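In: Fold the following and give me the result.
(4 chains)
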Number of protein chains: 2
Amino acid sequence: MALRHAVLAALLDEELSGYQLAKAFDMGVANFWHALPQQLYAELAKLEKEGLVAGREVVQDTRPNKRLFRVTGDGLAELERFAALAAKPSFIRDDLLVKVQAADHLDAAELIARLTERAEFSEAKAAQFEALLKGMRGERPEGEFLRYGERIGPYLTCRRGRDFERANHDWCREVIAVLRARSA
Amino acid sequence: MALRHAVLAALLDEELSGYQLAKAFDMGVANFWHALPQQLYAELAKLEKEGLVAGREVVQDTRPNKRLFRVTGDGLAELERFAALAAKPSFIRDDLLVKVQAADHLDAAELIARLTERAEFSEAKAAQFEALLKGMRGERPEGEFLRYGERIGPYLTCRRGRDFERANHDWCREVIAVLRARSA
DNA sequence: AGCGACTACTCATATTCATGACTAGTCACT
DNA sequence: AGTGACTAGTCATGAATATGAGTAGTCGCT
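Out: Numbers count the residues shown, from 1 in each chain, chains lettered A, B, ... in the order given. Okay, here's the model as predicted:
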């Protein structure tokens, strides 16, 4: 029941079309949630029907027309209601951890290959997040931006995303080192 | 399609009943996956039907009888097949991040309350993981255990869980500090 | 004697999430 | 003139996950 709130949160700062939203929620830039386009279009339709977002048609001559959505007063109220609820704990749920859990019974070389792939992926994503962060804070030092900047919510979640990917990367490297040492 | 593999991985080192498995997968000790009892019983039934795990009845006089499950040869082969596949990237998906994303539009005091709850929860869970780790490595220094210990898979995933919770804790504390500084 | 907590498990249902396929026009490149 | 990539979406269906409630006996406590 939280995809709807993720959508509302994403639309707070800018008017977006379903397509643009889908790109933001795609694995590239999803710092706080992840969803496929179909889910987003469906959720936007529901949110509009309930009056939590309002869409307006934008006619484009060269490309297909699009509908831009913004959060309504009711939508913001819904977000406030949601924020007052106790957040349910979040769990890691990761294929790769399952594989490492079984490490003692599996082929080390195969595992190292998976870990290497993931380490590279995580490093790339951390760099992406870092670039986003830099774009948000501009020339200001981070402390100043966090103290006086206008919009810090997206910055803070993006930082969590970056640190998560860094931690993934470091963990992968270390597991690789351990497996290598043992098979030597 | 990975709950089945998580179950197989969990049963590799010890024979467990559905109930014991459920406890391990419950929020207490779920270092690499999370699931509710009902899902586990259902999954165990399917795995047994497919011959990937084998159950045996254990008659108990004072408590209800139970069925202990172990992984079969086919089960291990299935895990090996799974380990050879590219692991899909994992995403954070967290209510609390959604709330912080909307921080600039919401009541700071309310948010700080949620963040404080989570910081405490994460700290407690990190401590739980730490205790588990200590139990696994015993008196040995960590480096030695990782180099020569018999079963390191569970240790490595548990470490990832501990570090994840520590990172959650630190992030919560910092977001709280930022929100406090701004509302002052 | 009654209450709540723990072991051990089952059934039914709802919600959420992921998958693949499809339309349809524009643009850049070769 | 054809290929592939990008914008902007829609439809249908299945798999995974979560929810709530229920059974049934044991144990310790007050």
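In: how close does residue A:161 sit to residue A:20?
Out: Noted for residue A:161: a distance of 19 Å to residue A:20, by CB to CB, to the nearest Å. Glycine gets a C-beta too; all of them are placed from N, C-alpha and C.
In: These two: which has the busier surroundings?
Out: Of the pair residue A:161 and residue A:20, residue A:161 is the one with more neighbours under other CB atoms under 10 Å in any protein chain shown, namely 23 against 16.
In: I believe the more buried one is in a helix; please confirm or correct that.
Out: Yes - following the definition DSSP: H, G, I helix; E, B strand; the rest coil, residue A:161 is counted among the residues of a helix.
In: Lowest-scoring secondary structure element of chain A by mean pLDDT?
Out: helix A:18-25 (a mean of 92; mean pLDDT, DSSP states H and E).
In: Other residues contacting it?
Out: Contacting residues not belonging to helix A:18-25 are listed as A:6-7, A:10-11, A:16, A:29-30, A:33-37, A:40-41, A:44, A:66-67, A:69 [CB atoms under 8 Å, 6 or more residues apart in numbering or on different chains].
In: These in helices, which ones?
Out: A:6-7, A:10-11, A:37, A:40-41, A:44 (DSSP state H).
In: can you give me the helices in chain A?
Out: Using DSSP H, the helices of chain A run over residues A:3-11, A:18-25, A:37-49, A:73-84, A:95-101, A:108-137, A:142-148, A:153-183.
In: Would you mind finding the most buried of these?
Out: Ranked by mean neighbour count under mean count of other CB atoms under 10 Å in any protein chain shown, the helices of chain A are led by helix A:95-101, which reaches a mean of 27.
In: Name the nearest residue to residue A:166, sequence neighbours excluded.
Out: residue A:126 (5.0 Å; CB to CB, 6 or more residues apart in numbering or on different chains).
In: So the one you found sits against residue A:162, correct?
Out: Yes - with contact defined as CB atoms under 8 Å, residue A:126 and residue A:162 form a contacting pair (5.3 Å).
In: how many other residues sit next to residue A:65?
Out: Counted with other CB under 10 Å, the burial measure for residue A:65 works out to 10 neighbours.
In: With adjacent residues omitted, what lies nearest to residue A:101?
Out: In space, and not counting its chain neighbours, residue A:101 is closest to residue B:9: 4.3 Å by CB to CB, 6+ apart.
In: dump the residue contacts of the one you found.
Out: Here residue B:9 is in contact with A:98-99, A:101-102, B:32, B:79, B:153 (criterion: CB under 8 Å, 6+ apart).
In: Report the two of these separated the most.
Out: When these are compared pair by pair using CB to CB, the farthest-apart members prove to be B:32 and B:79, with a separation of 13.4 Å.
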